[in-house]
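**Q** next one to model:
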Amino acid sequence: MDIYQDFASVYDRFMDNVPYEEWAERIDGLIRKYGVSKPERDVEGLLESERNLVVDLGCGTGTLTELMYAKGYDMIGVDASGSMLNAAMEKKERSGSEILYLQQDMRELDLYSTVGTVLCVCDSVNYILEEEELLGVFSLVKKFLYPGGVFLFDFNTDYKYREVIGDATITETKEDCSFIWDNFYDVEEGINEYDLTVFVREEGELFRRFQETHYQRGYTLEQMRNLIEQAGMDVVEVRDVDTGEAVSPESQRICLVAKAPER
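**A** Residues are numbered from 1 along each chain as shown. Coordinates of the predicted model:
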């Protein structure tokens, strides 16, 4: 079943509690600390232009992409869902930004040049269900990174699926839409299935109902470190996304910063 199709139309309404501005500030700080990209447009020279490009991989509706563009970065948004990219393009039209959007599966990432930074947030990598395929994604990221560039991504941990949301039902009701999110975690396979049922008001008291089924794999920090190293990058920082502090056995979402070789 296709995902992020009908859901794209209400995605932002259900994600209004996500601290995107805080994430953008933190990402900007990490790029300045470890990366080669600078928030400067109209730089001279092709290599400088490539160095300053930032890719938002799994950009969704472009909220973070727009925030990073507003900070001065030349942004490219990549997502597999045409419906999510349509929402991102509507934001682009309203803001007047010059973001380039590409519809690509991250497993087949194909950029026209190297880039200084690749971002991948909001547990997008958890949708890659096989380690071999995730290694392929990381290898493609490394292939397109400018020397010394950085890859910043977050992921939901095995602990989160196993102990926090696995086999749980989550509901949320808003004025014109609501959802039911049923989780089923297969501990042996490490796969979380969640069945999403959404009701959207269309006219008067009439609601349209649609369903999507999503699958995500829970990964451990050790698995991610090994895959990043196999892809030819070095891990330079690891943090708990929720606390901003060091990772603990109870960390639910982890941010990892990897760096490509200088040469």
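**Q** and the helices in the stretch 151-263 of the chain?
**A** 158-159, 221-230 (DSSP state H, counting those that start in this stretch).
**Q** export the ones you listed as CSV, with columns for mean pLDDT.
**A** Below are these laid out as CSV (pLDDT from 0 to 100):
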stretch, mean pLDDT
helix 158-159, 96
helix 221-230, 98
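**Q** okay, those helices, which one's buried deepest?
**A** Stretch with highest mean neighbour count among the helices of the stretch 151-263 of the chain: helix 158-159 (a mean of 18; mean count of other CB atoms under 10 Å). The C-beta positions use only the backbone N, C-alpha and C, and glycine is treated the same way.
**Q** check the offset of that one from the chain's centre.
**A** Relative to the chain's own centre, helix 158-159 is displaced by 18 Å; criterion: CA atoms, centre = their mean, to the nearest Å.
**Q** need the contact partners of it.
**A** Under the criterion CB atoms under 8 Å, 6 or more residues apart in numbering, residues 190, 218, 219, 220, 249, 250, 251, 252 lie in contact with helix 158-159.
**Q** first-to-last residue distance for stretch 72-90?
**A** Start-to-end span of stretch 72-90 (CA to CA, to the nearest Å) is 20 Å.
**Q** what's the first helix or strand after the helix or strand hosting residue 94?
**A** In the assignment (DSSP states H and E), residue 94 maps to helix 82-95. Using DSSP H and E, the helix or strand that follows helix 82-95 in sequence is strand 100-103.
**Q** for that next one, buried residues please.
**A** Going by neighbour count (16 or more other CB atoms under 10 Å), the buried part of strand 100-103 is 101, 102.
**Q** please name every helix or strand in contact with the helix holding residue 94.
**A** helix 11-14, helix 63-70, strand 74-79, strand 100-103 (3 or more CB pairs under 8 Å, 6 or more residues apart in numbering; DSSP states H and E).
**Q** out of the ones you listed, deepest packed?
**A** Among those, strand 74-79 has the highest mean neighbour count (mean count of other CB under 10 Å), at a mean of 25.
**Q** name every strand pairing with that strand and say which way it goes.
**A** Here strand 74-79 has these sheet partners by DSSP bridges: strand 53-57 (parallel), strand 100-103 (parallel).
**Q** centre of the chain to the longest one, how far?
**A** This points to strand 53-57. Remark: strand 53-57 is offset 11 Å from the chain centroid, using CA atoms, centre = their mean.
**Q** that one to helix 63-70, inter-axis angle?
**A** Interaxial angle of strand 53-57 relative to helix 63-70 (axes from the mean of the first three to the mean of the last three CA atoms, to 10 degrees): 170 degrees.
**Q** what mean pLDDT does strand 53-57 have?
**A** For strand 53-57, mean pLDDT is 98.
**Q** how about residues contacting it?
**A** Contact with strand 53-57 is made by 31, 37, 62, 64-65, 68, 73-78, 106, 109, 111, 113-121, 124, 141, 144, 153, as judged by CB under 8 Å, 6+ apart.
**Q** gap between stretch 133-147 and the chain center?
**A** Distance of stretch 133-147 from the chain centroid (CA atoms, centre = their mean) equals 15 Å.
**Q** buried ones in it?
**A** Buried residues in stretch 133-147 (16+ other CB under 10 Å): 134, 135, 136, 137, 138, 140, 141, 142, 144, 145, 146.
**Q** same question, stretch 46-57
**A** Neighbour count says stretch 46-57 has 49, 50, 51, 52, 53, 54, 55, 56, 57 buried, by 16+ other CB under 10 Å.
**Q** residue boundaries of the strands in this protein?
**A** Ranges of strands in the chain, per DSSP state E, are 53-57, 74-79, 100-103, 115-120, 145-156, 169-173, 177-186, 191-203, 206-217, 234-240, 253-259.
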